[in-house]
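Chemist: Attaching a predicted model along with its sequence, questions to come.
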Amino acid sequence: MDKDIKMIEFELRRLADITKNIGRQVLKEYDISETQFIAIQWINETEKMTIGDLALKMNLANSSTSELIDQLTQKGYCQREKDDKDKRKVILKLTNKSIELIEAVIQKRQIFLQNLLQKSDIDMQILKSQIHNLYINTDEGEDIE
């Protein structure tokens with residue numbers, strides 16, 4: 001493999017990890033574990049998430065996922081609601097407290113990136129364009145255009 005590609009892959013992976021970890025420093029203020037936050041993120045990104053769906057996404061047993069949701073419900077981050085169409089189904093809904101947490105984590109990440117870019121000699125518009133060009137060539141990014 002090309003030396004430049006190895007370096008780019010490594011540094012992109014490390015930057016993503018560092019940025020994620022900076023954002024997750026906020027979790028201490030909200031009394032939330034990383035696993036609980038990951039669950040909140042999945043519920044936020046998926047319409048009509050059930051405990052079974054979440055268990056599959058997180059690679060956990062249904063019983064462990066149910067316990068995780070119990071903890072989030074007790075802390076005021078999540079609610080269980082009956083599905084309008086199928087009363088046997090229980091849909092997971094986030095509370096405003098969860099949305100506030102997600103926004104706080106994202107804001108912490110954005111401030112970190114802004115400070116990092118201000119320390120660098122990088123043209124923001126060129127970087128933005130180059131990152132966007134990479135992203136739209138991914139399976140996920142193809143849906144953007």
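Modeler: Now that the structure is in, tell me what you want to look at. Since this is a predicted model, take the numbers as computed values, not measurements. Numbering: from 1, shown residues only.

Chemist: Give me the contacts around whichever strand or helix holds Gln110.
Modeler: Here Gln110 sits within helix 96-119, counting by DSSP states H and E. For helix 96-119, the external contacting residues (Cβ atoms under 8 Å, 6 or more residues apart in numbering) are 19-20, 22-27, 29-30, 32, 37, 40-41, 43-44, 72, 75-78, 124, 127. All C-beta atoms are positioned from the backbone trio N, CA, C, and that covers glycine.

Chemist: Quick check: ChimeraX command selecting the buried ones in these.
Modeler: Buried subset of the contacts of helix 96-119, written as a ChimeraX selection, criterion 16 or more other Cβ atoms under 10 Å:
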select :19,22,23,24,26,27,30,32,37,40,41,43,72,77,78
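
Chemist: in what helix or strand does the most centrally placed residue in the chain lie?
Modeler: Note on the chain: the residue nearest the mean C-alpha position is Gln41, at 4.7 Å, using Cα atoms, centre = their mean. Per DSSP H and E, Gln41 falls inside helix 34-45.

Chemist: That'll do, ta.
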